[in-house]
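>>> show me the folded form of this:
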Amino acid sequence: MIKLLIDNPLLLLFLVAAVGYPLGRIRIRGSSLGVASVLFVGLAIGSIHPELKLPEIVYVLGLALFVYTIGLSSGPAFVASLRQEGVRNNLFVLGGIAIAALLTVCAQRLLGLSGSVTAGLFAGSLTNTPALAGALETIKHMAPPALADQLLAEPVVGYSIAYPMGVMGVVLAISLSQKLWRVDYAAEGKRLKIAGAATEALRSATIRVAWPGAERQTIAALARQEKWDVIFGRIKRGEAYLLAGPQVRLQAGDLVVAIGTASELERVAAVLGELSAEEIAHDRSEFDYRRIFVSNPRVAGRRLGELDLFERFGATVTRVRRGDDDFLPHDDMVLELGDRVRVVTRRDRMGEVTSYFGDSYRAVSEVDILTFSLGLALGLLLGTVPIPLPGGVTLKLGFAGGPLIVALILGTLGRSGGMVWSLPYSANMTLRQIGLVLFLAGIGTRAGYGFVSTLARGGGVAIFAAGAVITCVTALLALWVGYKLLKIPMSLLIGMVAGLQTQPAVLGYALEQTGNDLPNIGYASVYPVATIGKILIVQVLLSLLT
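Numbering: from 1, shown residues only. The predicted structure is shown next:
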């Protein structure tokens with residue numbers, strides 16, 4: 001059997017994935033390893049025989065796919081965060097990473113660890129696979145050929161031993177902090193109004209207009225003046241129906257459909273009149289509504305306000321569904337392939353609107369190979385460019401940092417002329433998962449034999465303890481500084497701490513605690529800088545300690 005797996009690396013790859021992935025879904029006291037379990041299965045199988053390992057190209061390809069797809073999806077949120085408090089938040093996270101690096105150096109001095117094991121300890125304590133990949137790539141270029149395999153195994157050993165507590169330690173820190181400070185996530189969710197965060201479910205309501213002053217201004221001007229975060233749909237005026245376009249004026253006695261959160265709808269109704277039990281949204285005799293897939297490349301990557309839907313088709317978008325969440329559409333919202341827009345228009349024009357958006361599920365399931373390959377090639381090329389630093393140190397962003405930076409730029413641009421850089425949501429998630437599995441299976445099998453050898457020599461317990469201290473001290477200090485000193489809402493802060501760890505499992509735990517999407521916003525706002533920062537620090541550690 002061992003000979004069969006050595007001679008058939010594809011069989012080995014899919015065996016590791018098939019065994020590891022379901023193991024990661026087993027929950028113990030509410031937590032699980034997730035896809036990281038593929039790494040540990042790879043370590044177990046690779047430890048059986050020194051030749052039982054996957055080719056290097058497997059983990060390199062997986063890493064490039066993983067970070068590139070993350071960058072494409074995180075770009076817009078990252079740039080948007082910089083316009084608000086993103087600079088402060090990212091400096092805060094970089095400070096946390098610097099503390100972790102300082103603790104790692106202290107552990108190295110105390111335990112007498114090699115530079116390569118120390119780099120893996122740092123990456124594992126902060127559960128950052130791109131940082132581990134950066135360490136492997138740096139060693140590959142620095143190490144003599146005769147020692148390459150041994151040195152490449154050492155960071156993965158440190159990473160693998162520290163990784164479990166890197167997840168559990170942060171979860172425990174969040175659990176302790178929220179109980180100690182008695183955090184009310186529901187109240188925070190209602191207070192915070194952040195674009196892109198589904199803090200409350202959207203609903204529709206019919207409002208009876210009783211305020212005579214409503215007709216003095218257009219709907220658009222009135223919404224700006226009152227700072228309403230709602231979308232108006234159809235209007236019933238007497239027995240006639242019309243669509244609430246931006247230049248329409250409401251009149252006393254109108255029934256108007258508004259879409260928003262429950263709290264926002266109550267605020268709008270208090271100004272305009274009162275909530276009505278009449279459900280005019282269900283009347284489809286003249287106006288109809290439909291959810292339509294955005295599959296037309298000419299529409300994707302453009303702001304909703306640029307489409308002039310009301311002027312061209314007499315249509316209004318009332319909701320945009322992306323993944324599993326509904327968002328209120330605004331003029332500056334950039335549509336992505338795979339979005340589902342809920343459109344209201346006259347029945348006889350619904351066909352035109354549907355054709356305009358595309359509405360092809362098959363099309364949004366495909367990947368534009370030209371733009372995807374070109375963007376990834378640019379990222380890989382950037383990763384090869386040497387970056388000189390003070391002290392004679394030269395760094396390369398490598399297969400992790402280069403694709404990530406290019407993807408952030410392209411994801412923010414959305415499109416260049418006729419080229420759409422973003423991927424459909426489903427395709428992005430699929431490629432991301434495949435990339436991560438390839439990477440973890442590749443490095444796991446290649447480091448398995450060295451991993452067991454280190455444990456057999458008795459060095460694993462000390463590395464585990466050091467990793468636990470680095471993780472817990474960094475997480476607790478970040479939570480205390482962020483919540484008590486910087487006054488960052490806990491809903492956002494635990495997402496930022498998950499971003500500091502660059503750990504999806506911690507983000508999943510944070511989402512379960514809050515019951516809203518605010519942790520996603522915190523995570524996306526710091527994830528790119530945290531990832532790049534850790535890649536650079538791990539390379540500096542290797543350069544200084546090797």
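>>> around I6, count how many other residues there are.
Using other CB atoms under 10 Å, I6 has 15 neighbouring residues. Every residue, glycine included, has its C-beta placed from N, CA and C.
>>> how near is the residue lying closest to T316 once chain neighbours are set aside to P329?
Distances taken as CB to CB, 6 or more residues apart in numbering put V344 closest to T316, at 5.2 Å, once the chain neighbours are dropped. Here V344 is placed at a distance of 12 Å from P329 (CB to CB, to the nearest Å).
>>> overlap of the contact sets of those two?
Counting by CB atoms under 8 Å, 6 or more residues apart in numbering, the common neighbours of V344 and P329 are T318.
>>> Y241 falls within a helix, correct?
No. The assignment for Y241, made by DSSP: H, G, I helix; E, B strand; the rest coil, is strand rather than a helix.
>>> I'd say it and G233 touch.
No. With contacts counted by CB atoms under 8 Å, Y241 stays clear of G233, the gap being 10.4 Å.
>>> about what we covered before: host element of the residue nearest to T316?
When secondary structure is defined by DSSP states H and E, V344 falls within strand 340-346.
>>> how far does that strand sit from the chain's center?
28 Å (CA atoms, centre = their mean, to the nearest Å).
>>> output the contacting helices and strands for that strand.
On a contact count with 3 or more CB pairs under 8 Å, 6 or more residues apart in numbering; DSSP states H and E, strand 340-346 meets strand 287-293, strand 316-322, helix 350-357.
>>> just checking, next helix/strand downstream of the first one?
The helix or strand immediately downstream of strand 287-293 is helix 309-313, counting by DSSP H and E.
>>> now do that next one: which elements does it pack against?
Helices and strands in packing contact with helix 309-313 are listed as strand 316-322, helix 350-357; criterion 3+ CB pairs under 8 Å, 6+ apart.
>>> list the buried ones in that helix?
309-310, 313 (16 or more other CB atoms under 10 Å).
>>> do stretch 343-353 as well
Result for stretch 343-353 [16+ other CB under 10 Å]: buried residues 343-346, 349-350, 353.
>>> please identify the deepest-packed of the helices and strands packed on strand 340-346.
Mean neighbour counts were compared across the helices and strands packed on strand 340-346 using mean count of other CB atoms under 10 Å; the top stretch is strand 316-322, at a mean of 21.
>>> and the next helix or strand past that one?
Counting by DSSP H and E, the next helix or strand C-terminal to strand 316-322 is strand 325-327.
>>> which helices and strands sit right next to that following strand?
So strand 325-327, by 3+ CB pairs under 8 Å, 6+ apart, packs with strand 316-322.
>>> go ahead and confirm A223 touches I231.
No. The criterion here is CB under 8 Å, and A223 misses it with I231 at 9.1 Å.
>>> chain center to the helix or strand encompassing A270: distance?
Using DSSP H and E, A270 sits in helix 262-272. The chain centroid and the centroid of helix 262-272 are separated by 32 Å under CA atoms, centre = their mean.
>>> buried sites along that helix?
Burial within helix 262-272, assessed by neighbour count using 16+ other CB under 10 Å, is assigned to 264-265, 267-269, 272.
>>> repeat for stretch 87-105
Using 16+ other CB under 10 Å as the test for burial, stretch 87-105 gives 89-90, 92-94, 96-97, 99-101, 103-104.
>>> just the ones of those in helices?
89-90, 92-94, 96-97, 99-101, 103-104 (DSSP state H).
>>> how far away from the center of its chain is stretch 371-390?
21 Å.
>>> just stretch 535-543 next, same as before
Worked out by CA atoms, centre = their mean, stretch 535-543 lies 24 Å from the chain centre.
>>> same question, stretch 490-503
Distance, centroid of stretch 490-503 to centroid of chain: 11 Å (CA atoms, centre = their mean).
>>> and what of stretch 418-435?
That offset, for stretch 418-435, works out to 13 Å (CA atoms, centre = their mean).
>>> repeat for stretch 53-71
Distance, centroid of stretch 53-71 to centroid of chain: 18 Å (CA atoms, centre = their mean).
>>> keeping just the C-alphas, turn that stretch into CSV.
Extracted C-alpha coordinates of stretch 53-71, given in CSV (Å, rounded to 0.1, in the frame of the first residue of the first chain):
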residue,chain,number,x,y,z
LYS,A,53,5.0,13.1,0.3
LEU,A,54,3.3,15.1,-2.4
PRO,A,55,5.2,17.1,-5.1
GLU,A,56,6.1,20.7,-4.2
ILE,A,57,3.9,22.1,-7.0
VAL,A,58,0.8,20.8,-5.1
TYR,A,59,1.2,23.1,-2.1
VAL,A,60,2.5,26.0,-4.2
LEU,A,61,-0.6,25.9,-6.5
GLY,A,62,-2.9,25.5,-3.5
LEU,A,63,-1.4,28.5,-1.7
ALA,A,64,-1.7,30.7,-4.8
LEU,A,65,-5.3,29.8,-5.4
PHE,A,66,-6.2,30.3,-1.7
VAL,A,67,-4.7,33.8,-1.2
TYR,A,68,-5.7,35.1,-4.6
THR,A,69,-9.4,34.3,-4.1
ILE,A,70,-9.4,35.8,-0.6
GLY,A,71,-7.9,39.0,-2.0
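>>> no further questions, thank you.
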